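K.L.:
Predicted model and sequence follow; I will ask about them next.
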Amino acid sequence: MMTSLMKFSRSAFALGLCLAAAACNSYSSFPDPTLSSRDVQLLALAPKSVNRDLDPSRARYRMPNHTAEKAPGTVVVDSAARFLYFVEDANTVLRYEISPGEEVHQWTGVAFVGRKVEWPSWTPGPTARKMVPGLPGVVQGGPENPLGARGIYLHDEKGRDTEYRIHGTNEPEMIGLPVSLGCIRMHNIDAIDLYNRVKVGAKVVVR
């Protein structure tokens, strides 16, 4: 009886290892996007994402699509898990680590990509001005701009600006933490990659 149990335990353990290996094999990395000369120049001056991909469990991967969204080009933001998924097709997504809003500023719902801007300027809103008095009227785009390398502007179903963005960052060390006023922050290189893939009009689901 004991021998049978030991054999069963070893078989179960081996099966577990096989399943774990299969799961790992279904995750694959993908290369950084090709950069323009302007991107190369400005990224060299921007704060570096030294913590990017250090934790394999948080790394950027192509992986099975476990979201409820199957339409290619859809973006799904999982605020609790702190990941953004770009739907390639019904079977695969691209996963990026993000920083969602602080708990008090987090939101859920459906939006649409209204426009996309490279190295966008930033116009601080009332909440940001209240938190940091003395902010300029407009912060020009560049390596120290809070919106980073790319801005993806989210609109509602009527085309109105929600004032929420998916964007890069000048604080890459904060990626993975809920620190924003509701916008979705990404590492600059990931924001560039997503910018290149997502289309104006694409559906964005925030949950």
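P.N.:
Thanks, I have it.

K.L.:
From here on, just use CA atoms for contacts and neighbour counts.
P.N.:
Will do.

K.L.:
Would you map the strands across the chain?
P.N.:
Assigned by DSSP state E, the chain shows strands spanning 61-64, 75-78, 83-87, 92-99, 109-118, 150-155, 161-167, 184-186, 203-206.

K.L.:
nearest to residue 46, of the ones you listed?
P.N.:
Counting by CA to CA, residue 46 lies closest to strand 150-155 out of the strands of the chain; the figure is 12.8 Å.

K.L.:
Remind me what the closest one packs against, helices and strands.
P.N.:
strand 109-118, strand 161-167, helix 188-197 (3 or more CA pairs under 8 Å, 6 or more residues apart in numbering; DSSP states H and E).

K.L.:
Can you tell me the strand partners of the second one and which way each runs?
P.N.:
Translated: strand 161-167. In the sheet, strand 161-167 lines up against strand 150-155 (antiparallel), strand 184-186 (parallel) (DSSP bridges).

K.L.:
average model confidence for the longest one?
P.N.:
Right, the one you point to is strand 150-155. Mean pLDDT, strand 150-155: 98.

K.L.:
picking up where we left off before, rebuild the helices and strands packed on strand 150-155 as TSV, extending it with distance to residue 94.
P.N.:
Output for the helices and strands packed on strand 150-155, formatted as TSV (distance: least, CA to CA, whole Å):
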stretch	distance to residue 94
strand 109-118	17
strand 161-167	15
helix 188-197	9
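
K.L.:
can you list those in JSON lines and add mean neighbour count and distance to residue 180?
P.N.:
Below are the helices and strands packed on strand 150-155 laid out as JSON lines (neighbours: other CA atoms under 10 Å; distance: least, CA to CA, whole Å):
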{"stretch": "strand 109-118", "mean neighbour count": "19", "distance to residue 180": "17"}
{"stretch": "strand 161-167", "mean neighbour count": "20", "distance to residue 180": "10"}
{"stretch": "helix 188-197", "mean neighbour count": "21", "distance to residue 180": "16"}
